[in-house]
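S.K.: give me a model of this one.
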Amino acid sequence: MGIASMVIGIVAVVLTFIPCMGWIAFLPSIVGLVLGIVDVSSKKKANLPAGKGIAGIVCNSVAILIAILWIFVFAGAAAMDPTVW
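M.R.: Sure thing, here's the model as predicted:
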């Protein structure tokens, strides 16, 4: 699960840097975040290294933050454009 979380996180981060693609990357990054959290918690119980799960959590969190940032950027741009209303 850690590798899946990390791969989803990397793909989601790359997609969120493309304008208007944050919506597409938002849902998979939430799934990747859950996978990373589950992986880290299961590895901690078994006393195994959880580096890939932590990397997945970080990548997916960054992707979610960038997607939310894009939402605010586009909402602000729409609010400033008088032709929208």
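S.K.: ok, and for the helix or strand of the chain with the lowest mean pLDDT, which residues are buried?
M.R.: Least confident helix or strand of the chain, by mean pLDDT, DSSP states H and E, is helix 51-80 with a mean of 90. Neighbour-count burial for helix 51-80 flags 52-61, 63-64, 66-67, 70 (criterion: 16 or more other Cβ atoms under 10 Å). Just so you know, the C-beta spots here come from the backbone N, C-alpha and C atoms, and that holds for glycine as well.
S.K.: quick one: it to chain centroid distance?
M.R.: 6 Å (Cα atoms, centre = their mean, to the nearest Å).
S.K.: same for that helix, what does it pack against?
M.R.: Applying 3 or more Cβ pairs under 8 Å, 6 or more residues apart in numbering; DSSP states H and E, we find helix 51-80 packed against helix 2-16, helix 22-45.
S.K.: out of these, flag the one nearest residue 77.
M.R.: Relative to residue 77, the nearest member of these by Cβ to Cβ is helix 22-45, separated by 13.8 Å.
S.K.: check the offset of that closest one from the chain's centre.
M.R.: With Cα atoms, centre = their mean, you get 8 Å for helix 22-45.
S.K.: what is it packed up against?
M.R.: helix 2-16, helix 51-80.
S.K.: so which of those helices is nearest residue 41?
M.R.: Closest of the helices and strands packed on helix 22-45 to residue 41 is helix 51-80, at 8.5 Å (criterion: Cβ to Cβ).
S.K.: ok so, going back, give me whichever of the helices and strands packed on helix 51-80 is most buried.
M.R.: helix 2-16 (a mean of 20; mean count of other Cβ atoms under 10 Å).
S.K.: now do the contacts for the closest residue in space to residue 15 that isn't next to it in sequence.
M.R.: Counting by Cβ to Cβ, 6 or more residues apart in numbering, residue 15 lies nearest to residue 25, which is 3.8 Å off, once chain neighbours are set aside. Going by Cβ atoms under 8 Å, 6 or more residues apart in numbering, residue 25 touches 11-13, 15-16, 63, 67.
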